[in-house]
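1. return atomic coordinates for the entry below.
(one chain, ligands or ions: 1)
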Amino acid sequence: MLYSDQVMDHFLHPRNAGVIEDADGVGEVGNAKCGDIMKVYLKVKDGIIDDVKFSTFGCGSAIATSSIATEMIKGKPLEEALRLSNKAVVEALGGLPAYKLHCSVLAEEAVKAAVKDYYDRHGVAYDPHLFSGCADCEHCGYGSGGNSGCGQ
Ligand code: FES
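-> The predicted structure is shown next:
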């Protein structure tokens, strides 16, 4: 079977789908190649992700990866969310076909972009290297951070 049960479950029953109107941080990323767009909204309390939602216009894998990524960071400190790798997302989903790995990169990057937005809005100092990565990589045409295995 092409997709694991976890992928199908998160695709058919996405967790934390929606929008947080008064979010403390919002991250939006897109993949230039497939045209998919993912947006992550954070509510932060005392450095902890109190609530998180996502809206994704994209493939089933993009929906599944955003769904599980939000589950993985909810209730966690921001620093921990920054450590969420696309690899961990793929593992939690029981794997993805190779040509779909870039969808998980989108999830990692959307989370990072939302944390960065939170830091920017709240004047929190951070190491810019945390958010570099694919910015310099022409490989997948993605271009906004994270080079941890775009798989293309
Ligand atoms: Fe674009 Fe999956 S095909 S994110």
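
2. show the average pLDDT along stretch 71-86.
-> Computed over stretch 71-86, the mean pLDDT rounds to 97.

3. run the chain-centre distance for it.
-> The offset between the C-alpha centroid of stretch 71-86 and the centroid of the whole chain comes to 10 Å, using CA atoms, centre = their mean, to the nearest Å.

4. buried residues of it, list them for me.
-> By neighbour count on 16 or more other CB atoms under 10 Å, the buried set for stretch 71-86 is 72, 73, 74, 76, 78, 81, 82, 84, 85, 86. Bear in mind the C-beta positions are built from the backbone N, C-alpha and C, glycine included.

5. which strands and helices sit next to the lengthiest helix in the chain?
-> Counting residues, the longest helix found in the chain (DSSP state H) is helix 101-121. Contact partners of helix 101-121 among helices and strands, from 3 or more CB pairs under 8 Å, 6 or more residues apart in numbering; DSSP states H and E: strand 25-30, strand 37-45, helix 60-73, helix 78-82, helix 86-92.

6. from the contact counts, what lies against the shortest one?
-> Judged by 3+ CB pairs under 8 Å, 6+ apart, the packing partners of helix 78-82 are strand 48-57, helix 101-121.

7. please, which helix or strand holds residue 7?
-> helix 5-12 (DSSP states H and E).

8. for that helix, packing partners?
-> Judged by 3+ CB pairs under 8 Å, 6+ apart, the packing partners of helix 5-12 are helix 60-73.
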